[in-house]
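> I would like to see how this sequence folds:
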Amino acid sequence: MDGWHHTLMFLQMVRGGYFLLTTWEEKALQALSQTREITVGSRTIYLQEFGNGPAVLMLHGGGPGANGMSNYSRNVDALSDRYRVLVPDMPGFGASTKGLDQSDLFGDLAQTMVGLLDALNIERSHVVGNSLGGACALRMALEVPDRIRRLVLMGPGGIGTTRGLPTEGIRQLIGYYKGDGPSREKIRNFIREYLVYDGSLVSDDLIEVRYQASLDPEVIASPPLQGPKSLDAAVKMDLTRDKRLKTLAHPTLILWGREDRVNKPSGGRSLSRKLRNCDLYEFANTGHWVQWERADEFNAVVLAFLNQEAS
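A predicted model of the protein is given here:
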């Protein structure tokens, strides 16, 4: 999928109900962004940039049809007033190169996102991550702590995953490409019943765009979320078993919806106890998609947290 097609899909998402924008606002949002394709090793990473200032890398979740802007369309405008906001499609998703190392999924993503910072000549960056992107952000901090400034983790994956049974939301994610394969019914059920607290806020058009994106033949051939294939892979995907976790001193903000049906809200309290410099903010009547469901509050608390470094 080329960059122009990707932009058209984003505008369809906007019109389809992600949020209401006037034609002028749509054009202004487009004008603010710089779209690029960045080579990282053997991969091409599709990237959209907004604003100027200290870098903020925003990493999306791993649901069917996900990409960078589908996760952060309600946030880039507010954050880009003060920061250089980087919104990539992570490998395996959107317009970026497909295929991931399933033996160390988080490690593969983290290595590529660090490579993206290298390609952009960014020495240090704040990192914001939702779900799969949160796991990637945390793994980046474990691997290259000197490259990370502050962390914002929204319902991150990889928290206590070997210490209990997976949620039904995780089963839905892993099972999307199995059995009879992708379907509108599957993605509609996942988004309205598991991704958000109030499914009535999600339009049919939004679901259709995500469904069509999930039909990419390269993704069907190699789904990015397949579940661990071995005990070693499972352990690597549980970041609470990484002994380096207790050494992280990065200022960290954890955001979690109390009604999250994908990653258990108890993970926020568990993770916050393991990190030395961490605040936890729980959102009532909110599911797995805090940055979309509670966009105004998300933008305010994230800006206040990031701005502390400059104060």
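> how many neighbouring residues does V301 have?
Around V301 sit 18 other residues, with neighbours defined as other C-beta atoms under 10 Å. From N, CA and C alone the C-beta is placed, and that goes for glycine too.
> and V302, how far from Q291?
From V302 over to Q291 the distance is 8 Å, taken as C-beta to C-beta, to the nearest Å.
> quickly list what's touching both of these two.
When contacts are counted by C-beta atoms under 8 Å, 6 or more residues apart in numbering, V302 and Q291 have 75, 255 as shared neighbours.
> secondary structure element for R210?
R210 belongs to helix 204-214 when assigned by DSSP states H and E.
> then that helix to PDB, C-alphas only?
Included here for helix 204-214 are C-alpha records, laid out as PDB according to Å, rounded to 0.1, in the frame of the first residue of the first chain:
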ATOM      1  CA  ASP A 204     -19.900   1.100  11.000                       C
ATOM      2  CA  ASP A 205     -17.600   3.000   8.700                       C
ATOM      3  CA  LEU A 206     -14.700   2.800  11.200                       C
ATOM      4  CA  ILE A 207     -15.200  -0.900  11.500                       C
ATOM      5  CA  GLU A 208     -15.300  -1.300   7.700                       C
ATOM      6  CA  VAL A 209     -12.000   0.600   7.300                       C
ATOM      7  CA  ARG A 210     -10.300  -1.600   9.900                       C
ATOM      8  CA  TYR A 211     -11.800  -4.700   8.300                       C
ATOM      9  CA  GLN A 212     -10.500  -3.800   4.800                       C
ATOM     10  CA  ALA A 213      -7.000  -3.000   6.200                       C
ATOM     11  CA  SER A 214      -7.000  -6.400   7.900                       C
END
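> distance from that helix to the middle of the chain?
18 Å (C-alpha atoms, centre = their mean, to the nearest Å).
> what's it packed up against?
Contacts of helix 204-214 with other secondary structure elements, assessed using 3 or more C-beta pairs under 8 Å, 6 or more residues apart in numbering; DSSP states H and E, are made with helix 3-13, helix 68-72, helix 184-190.
> what does the lengthiest helix in the chain rub up against?
Taking DSSP state H as the criterion, the chain has its longest helix at helix 105-119. Residues from elsewhere that reach helix 105-119, judged by C-beta under 8 Å, 6+ apart: 38-41, 43, 45, 47, 55, 57, 59, 86, 88, 90-92, 100-101, 123, 125, 132, 135-136, 139-140, 143-144, 147, 157-158, 224-225, 233, 236-237, 239.
> give me the buried subset of those residues.
Judged by neighbour count, with 16 or more other C-beta atoms under 10 Å as the criterion, the buried members of these are 38, 40, 43, 45, 47, 55, 57, 59, 86, 88, 90-92, 100, 125, 132, 135-136, 139-140, 147, 157-158, 224-225, 233, 236-237, 239.
> quick revisit: just the contacts of helix 105-119: which are in helices?
Of the positions in the contacts of helix 105-119, 132, 135-136, 139-140, 143, 233, 236 sit in helices, assigned by DSSP H.
> ok, so of these, who is nearest T247?
When the ones in helices among the contacts of helix 105-119 are ranked by distance to T247 (C-beta to C-beta), E143 comes first, at 12.4 Å.
> ok, now which ones touch that closest one?
Applying C-beta under 8 Å, 6+ apart, the residues contacting E143 are 107, 110-111, 114.
> neighbour-wise, which one of these leads?
A110 leads the contacts of E143 on contacts (other C-beta under 10 Å) with 23 neighbours.
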